[in-house]
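Undergrad: What shape does this take:
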Amino acid sequence: MPQKHTSRNKLLFFPDCVWYLEIMERWLKRTSRMMVLLMFLGTSVAPMSQDAGGPYQRMRLVSLQTLLSSKQTLVQRKWKEFNRLNRKMEDLIASDVEILSQNPEKRTADEAVQLSVNAEERVANGKKRKELLVDLVDLYHEMDSIQDEIDKLRDAMRSNQQLLNGKWILTMMPSGVTGEVFLNQEGTLVTGEYHLSNGQHGSLKGTFIKRILFLERIDSQYGKMGRFEGTLMSGDRSVHGSWYSYNFSSGKPITGPFKLVRGSAEAGS
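TA: Have a look, this model is predicted:
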């Protein structure tokens with residue numbers, strides 16, 4: 001199986017990898033800074049981000065994407081500066097080679113001073129390049145952590161958005177009325193339609209938050225007739241709860257249990 005490529009691999013084969021162990025040690029000490037930031041982005045909206053792909057999850061996703069973009073821009077700037085320092089180092093080496101290629105007896109005092117200045121600049125240059133590499137390692141690891149959070153959030157949003165979509169079989173007690181329900185979920189909002197065994201049919205509109213489903217029943221002939229309030233059970237294959245009728249003068253029960261089960265094959269389960 002080929003090795004998964006990540007952005008951090010770019011540094012592993014760089015000529016300056018003699019510094020890698022020291023860089024990693026410094027990175028480990030600074031990792032907590034990124035973990036605190038990700039925890040803030042995650043937990044600061046944790047109670048609200050349970051809205052199954054709703055506005056708060058989208059807000060968190062945008063925040064993470066913005067943070068990732070800023071890190072990518074910073075990486076580009078640091079590589080640009082690193083390349084500039086590399087060119088400067090090449091110029092210093094070329095200057096040394098030119099001076100040292102001459103006969104030592106013919107070298108001037110100015111050239112000796114220049115060699116000394118070049119040596120000092122190479123040391124300073126090397127220190128700056130090393131610091132840039134440390135920063136780049138930090139940034140690549142931070143970017144990988146942010147991307148992991150983005151991927152997890154997108155997976156959760158996709159999963160949540162699909163929890164209720166599709167066909168369900170409805171059973172209402174104590175009347176025993178059954179029917180087919182078709183739901184479509186977009187974040188916290190749920191819409192759909194129903195067709196009951198007693199001939200009634202119409203639309204459904206409501207919300208799905210923290211696995212609690214609320215649907216208002218709007219009949220095609222009588223208008224608003226009632227509502228359903230239930231919980232999506234473990235396994236995501238059924239919803240159990242209570243129905244409520246708005247027709248208080250009918251003489252019939254105005255509330256009772258109901259069950260939604262995935263697909264016709266599971267209606268009797």
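
Undergrad: where's E131, which helix or strand?
TA: helix 109-161 (DSSP states H and E).

Undergrad: same question, F258
TA: strand 255-262.

Undergrad: Kindly spell out which helices and strands sit in contact with that strand.
TA: strand 166-172, strand 223-232, strand 238-245 (3 or more Cβ pairs under 8 Å, 6 or more residues apart in numbering; DSSP states H and E). The way it works is simple: take the backbone N, C-alpha and C, and place the C-beta from them, glycine included.

Undergrad: got CSV for these, with mean pLDDT and mean neighbour count too?
TA: As requested, the helices and strands packed on strand 255-262 are exported to CSV (pLDDT from 0 to 100; neighbours: other Cβ atoms under 10 Å):
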stretch, mean pLDDT, mean neighbour count
strand 166-172, 95, 18
strand 223-232, 95, 17
strand 238-245, 96, 18
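
Undergrad: wait, which of the ones you listed is closest to G263?
TA: strand 166-172 (5.9 Å; Cβ to Cβ).

Undergrad: List the neighbouring strands of the closest one plus their orientation.
TA: If you go by DSSP bridges, strand 166-172 pairs up with strand 177-186 (antiparallel), strand 255-262 (antiparallel).

Undergrad: Tell me which helix or strand comes right after the longest one.
TA: Sequence-wise, the next helix or strand downstream of strand 177-186 (DSSP H and E) is strand 189-196.

Undergrad: how about that following strand: buried residues?
TA: For strand 189-196, burial by neighbour count (16 or more other Cβ atoms under 10 Å) applies to V190, G192, Y194, L196.

Undergrad: before we move on, what about stretch 180-191?
TA: The neighbour-count check on stretch 180-191 (16+ other Cβ under 10 Å) flags E180, V181, L183, Q185, G187, T188, V190 as buried.

Undergrad: which one of those residues sits closest to E120?
TA: Nearest member of these to E120, counting by Cβ to Cβ, is G187, at 61.0 Å.
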